[in-house]
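Trainee: the sequence and its predicted three-dimensional model are supplied below.
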Amino acid sequence: MAGNTFGNLFRVTTAGVSHGPGYLCIIDGCPAGLELSAADLLPDLARRRPGQSRLTTQRDEADAPEIWSGVFEGKTDGTPLGILFRNGDQRSADYGDIKDKYRPGHADFTFDAKWGFRDYRGGGRSSARETVCRVAAGAVAKKVLARVGVRVIGYVTRVGDVTADVPDPTAVTLDQVEATPVRCPVPAAAAAMAELIEAVRKDRDSVGGVCELAAVGVPPGLGEPVFDKLKADLGKALLSLPAVVGFEYGNGFAAAGLRGSANNDAFVANRDRQGAGVEGQHPPTGQYPLPDGRGSPGITTETNRHGGMLGGISSGLPVVCRVAVKPTSSIPRPQKTVTRSGEPAEILVKGRHDPCLLPRFVPMGEAMVALVLVDHLLRARADRLPG
């Protein structure tokens with residue numbers, strides 16, 4: 001089966017299923033000399049793991065990473081990183097009733113259409129548990145990015161009809177995001193979101209929302225002008241995550257209702273832009289050269305409606321994007337469906353599921369943004385001769 005590897009120079013391959021022995025993550029292309037241990041992966045894995053609050057699935061998995069290769073004496077050695085995760089709290093019996101029924105909103109029918117059979121235990125390969133590998137790989141990518149001053153942060157801006165106004169993504173801190181189980185940096189909105197999720201859970205239903213992701217310190221010049229645009233790779237990366245149904249960056253879909261004069265970002269000298277806040281847009285935070293020292297000569301824009309990318313190439317301003325996440329498809333209430341033979345049936349999905357995916361989605365989104373950025377950072381080193 002193809003499609004299990006992501007990236008060009010920084011390549012991540014995942015293997016495993018939700019109710020199998022565990023998951024394996026292979027990272028090929030990580031530069032040598034990076035200080036790395038299993039402990040470095042734990043903070044983001046803890047943010048992703050199930051059972052972390054009443055607002056998430058109660059499946060109890062330690063998500064303890066075992067680094068089997070690629071590290072010698074505390075540093076990456078340039079060979080592939082092999083990371084293993086063992087499953088420990090499978091309840092495959094919960095899925096016996098769906099063996100011959102298709103769950104609404106899931107990949108059950110499409111898996112059957114593609115391969116002629118499927119692993120029905122919790123979703124098999126399409127299970128969101130696969131993201132444990134992505135989050136681990138993203139933690140490694142974040143460490144590489146930190147070496148050149150790049151920081152990736154994600155947070156929830158909407159759950160159902162409850163929204164949070166975050167005027168400056170670059171000012172959001174990890175402490176603010178982690179202050180509530182919803183992972184929304186606006187306390188009042190976070191409380192309302194938590195109340196809604198709890199109400200939805202009691203109603204045996206689910207709810208969706210929006211996650212915003214910001215990368216601060218991204219140097220100008222990352223990305224390719226045609227098929228491998230930075231925005232295109234970010235879109236593919238984030239849309240590859242389970243339950244993501246929409247992607248936008250910068251002004252996004254709001255640009256469809258604007259005139260060019262209201263959507264363009266005027267260029268200015270960086271010295272004329274420091275500290276300014278124009279039209280409520282996200283302010284830029286300065287220019288960051290690539291590792292070979294090149295960068296823009298103090299040029300920036302008054303606003304960041306372009307979300308840090310022009311022509312598919314990073315501009316040096318913060319990369320800001322958003323994804324829409326659908327309500328969890330598995331809900332503990334009767335739904336209409338059919339059997340594999342096409343007979344009408346009713347299905348009641350058992351098991352342990354998130355009433356809202358957004359709280360645990362944040363580290364997954366951050367991971368995919370980090371993987372795209374580190375891959376393009378490494379590619380940029382070969383774009384032109386030094387000197």
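Mentor: Done, it's in.
Trainee: so where is the protein shaky, pLDDT-wise?
Mentor: By pLDDT under 70, the weakly predicted segments of the chain are 1, 51-61, 89-96, 270-297, 351-352, 386-387.
Trainee: which helix runs longest in it?
Mentor: If you go by DSSP state H, the chain has its longest helix at helix 358-380.
Trainee: got phi/psi on the closest residue in space to residue 37 that isn't next to it in sequence?
Mentor: Spatial nearest neighbour of residue 37, chain neighbours left out: residue 74 (6.5 Å); criterion: CB to CB, 6 or more residues apart in numbering. For the C-beta atoms, the positions are set from N, CA and C on the backbone; glycine is no exception. Its backbone dihedrals place residue 74 at phi 80, psi 0, with angles given as degrees, to the nearest 10.
Trainee: also residue 321?
Mentor: Backbone geometry at residue 321, expressed as degrees, to the nearest 10, gives phi -140, psi 170.
Trainee: tell me how far it lies from residue 38.
Mentor: Taking CB to CB, to the nearest Å as the criterion, residue 321 is separated from residue 38 by 30 Å.
Trainee: who has more neighbours, the two?
Mentor: The residue with more neighbours, out of residue 321 and residue 38 and counting by other CB atoms under 10 Å, is residue 321; that gives 25 against 14.
Trainee: ok, the closest residue to the more buried one other than its chain neighbours - contacts?
Mentor: Spatial nearest neighbour of residue 321, chain neighbours left out: residue 249 (3.9 Å); criterion: CB to CB, 6+ apart. Residues near residue 249 by CB atoms under 8 Å, 6 or more residues apart in numbering: 231, 234, 307, 308, 309, 319, 320, 321, 322.
Trainee: residue 249 and residue 319, how far apart?
Mentor: Using CB to CB, one obtains 7 Å as the distance from residue 249 to residue 319.
Trainee: quick one: common contacting residues for these two?
Mentor: A shared contact of residue 249 and residue 319, defined by CB under 8 Å, 6+ apart, is any residue touching both; here these are 234, 307, 308, 309.
Trainee: export those residues as TSV, with columns for neighbour count.
Mentor: TSV is the format used below for the shared contacts of residue 249 and residue 319 (neighbours: other CB atoms under 10 Å):
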residue	neighbour count
234	27
307	24
308	27
309	24
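Trainee: give me the subset of the residues you listed that lies in strands.
Mentor: Among the shared contacts of residue 249 and residue 319, DSSP state E puts residue 309 in strands.
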